[in-house]
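>>> starting from these lines, generate the structure:
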Amino acid sequence: MQPVQRFAPDTDLDILLKAMADDGAFIAENMFDAATIAAIREASDRFAEEVAPGSATQGMGDDGKVFAGANTVRFSSLARLTPAFFTMLDNELFHQVASALLLPTCGSYWLNTAQVMYIGPGEKAQALHRDADNWWEYVTATWPDSVEITISAMIGLDHVTEELGATRVVPASHRTAKLKQYDDLDTMPAELGPGDALVYSGYVQHGGGANLTTDRWRRAMHMSVVVGWLAPEEAAALDFQLGELDDQSERVQRMLGHRSYDPRPHRGGGLWLRHVKAIEDN
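Model (predicted):
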């Protein structure tokens with residue numbers, strides 16, 4: 001099996017989209033600038049000291065704890081930790097890819113979740129899964145003709161090696177005739193440097209790798225978006241009062257749920273409204 005393809009951040013968009021079509025994933029080297037990564041890493045390291053490993057539940061109690069990891073630190077609401085996250089949300093390359101793959105079936109998309117994921121020493125490999133499984137009823141009802149609904153990026157906040165638990169990916173698992181479950185022998189590690197990002201389809205099977213060290217943590221984070229007609233995993237809109245994001249770009253406001261969903265040019269109704277009007281018109 002071939003490793004996940006790696007590209008410079010200035011690679012032509014058509015080449016990146018071909019990699020997504022063929023493999024369902026690619027690695028963009030230096031996708032995020034050093035200053036942004038350093039600021040997020042510093043804020044995340046500081047906040048991580050207050051989060052107990054294994055406390056994440058994915059909203060599913062003990063079942064979610066198994067998925068989230070017993071010695072893994074996870075947390076979100078990253079925009080409240082550092083304004084550098086707004087810069088990350090506005091990353092042009094990420095939005096070029098997301099727009100090309102999602103806008104054919106939606107008027108806009110918004111943040112699904114952004115989570116720091118620090119995998120601790122001795123942590124076992126995570127079960128392989130598809131991010132789109134969050135919307136299981138849609139996926140099972142439409143596979144193999146499901147339209148793309150979510151695009152993700154796993155971002156290195158430090159050097160992420162296979163030994164430390166680099167995300168493992170099953171290339172081309174986004175385009176199988178049936179919803180096949182793969183195993184670890186089918187995977188390839190996506191090693192990252194600080195600022196590198198594994199960009200992948202919501203239909204690609206993947207999972208966090210095992211941390212084989214005794215004293216080092218894998219420092220990375222996840223950021224994903226979802227079509228505007230689906231509910232996201234994270235209630236990011238609750239992190240800010242209305243008007244508190246007025247000094248941010250329209251795209252950041254939309255990503256964080258402070259603008260309503262307009263389906264046009266596609267059919268459908270306005271969603272995420274207030275007083276029967278778009279949030280931004282209130």
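
>>> give me the pLDDT value at residue 2.
In this model, residue 2 is scored at 82, pLDDT.

>>> residue contacts, it?
With contact taken as CB atoms under 8 Å, 6 or more residues apart in numbering, residue 2 is in contact with 23, 171, 188. All C-beta spots, glycine's among them, are computed from the backbone N, C-alpha and C.

>>> so which of these belong to strands?
Using DSSP state E, residue 188 are the members of those that sit in strands.

>>> looking at the contacts of residue 2, which is nearest residue 158?
Using CB to CB, the shortest approach to residue 158 within the contacts of residue 2 belongs to residue 188, at 20.5 Å.

>>> OK, contacts around the closest one?
Contacts for residue 188 were tallied using CB under 8 Å, 6+ apart; they are 1, 2, 3, 4, 168, 169, 170, 171.

>>> do the same with residue 205
With contact taken as CB under 8 Å, 6+ apart, residue 205 is in contact with 128, 129, 130, 169, 170, 173, 181, 182, 186.

>>> select only the buried ones of those residues in PyMOL?
To isolate the buried ones among the contacts of residue 205 in PyMOL, judged by 16 or more other CB atoms under 10 Å, type:
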select buried, resi 128+130+169+170+173+186
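
>>> redo the contacts of residue 205 as TSV? Include distance to residue 87, pLDDT and secondary structure.
As requested, the contacts of residue 205 are arranged in TSV below (distance: CB to CB, whole Å; pLDDT from 0 to 100; DSSP: H, G, I helix; E, B strand; the rest coil):
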residue	distance to residue 87	pLDDT	secondary structure
128	32	96	coil
129	29	96	strand
130	29	97	coil
169	26	98	strand
170	31	97	coil
173	32	95	coil
181	37	92	coil
182	35	93	coil
186	36	93	helix
